[in-house]
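Peer 1: I'll drop the sequence and a predicted model, then ask my questions.
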Amino acid sequence: MTAIPRGLRRAQSLIEDAALVMAGIVLLAMGGIVVASILGRVLFLRPLPDDLLMVGLLNVAVITLPLAYVERLRGHITVTVTTDWLGTRVKGALRAFGAFAMAIFFGGIGFMIVRRMPDEIAKGAYYDGVLQIPTWPMKAVFGFAITLFFLRLLVSIAQGLHTAVTGRDEDAPASAHGEV
């Protein structure tokens, strides 16, 4: 086991599970918006105002909130044609490197988006449309989700380095345990 305290790992897992549940609820809300808009169009010849904008904005939550959970399960799409024959230590080093690269990339994107939020809140920025939906709430959700993902990537880096040093992969992917 890596040097990360069990209580901290458990708390992080609970937050990731909650983010996954929130993403599911948001997905159901998206479906409700689409159904309500279709029914409004068919029955009353009036769709919900800004329905496409709302669904597009909610997509942010559906896509980003589960990222940390998927990383915890090592569920991201990977191609292992050339790495399957490598040793456990090398796989750990490659995992740490991949998580580091993702942390730099996604952390940079998250930082740039969240950095602009105070200005948008102060200016009252909104998306053009009937409802004038403010821009900052989904950026806040995005920032939260990317922060959670970034923290999980730090854990993945630590686990990968631990595997590279010790040669033991104690945090094997879920598919290695028969869980899918």
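Peer 2: Looks like it came in fine.

Peer 1: name the nearest residue to Leu131, sequence neighbours excluded.
Peer 2: In this structure, Leu131 finds its nearest non-sequential neighbour in Asp50, 4.7 Å apart by C-beta to C-beta, 6 or more residues apart in numbering. Where C-beta positions appear, they are placed from N, C-alpha and C, glycine not excepted.

Peer 1: spit out the contact partners of Gly98.
Peer 2: Gly160 (C-beta atoms under 8 Å, 6 or more residues apart in numbering).

Peer 1: quick one: it is in a helix?
Peer 2: Yes - per DSSP: H, G, I helix; E, B strand; the rest coil, Gly98 lies within a helix segment.

Peer 1: please report the distance of the residue most central in space within the chain from Met138.
Peer 2: Nearest residue to the geometric centre of the chain (C-alpha atoms, centre = their mean): Leu67, 2.7 Å. Computed as C-beta to C-beta, to the nearest Å, the Leu67 to Met138 distance reads 15 Å.

Peer 1: before we move on, the earlier item: do you know how far the residue lying closest to the residue nearest to the centre of the chain once chain neighbours are set aside is from Ile104?
Peer 2: Counting by C-beta to C-beta, 6+ apart, Phe149 is the residue found nearest to Leu67 once chain neighbours are left out, at 4.1 Å. Separation of Phe149 from Ile104 (C-beta to C-beta): 12 Å.

Peer 1: shaky segments in the chain?
Peer 2: Counting by pLDDT under 70, the low-confidence segments of the chain come to 1-4, 171-180.
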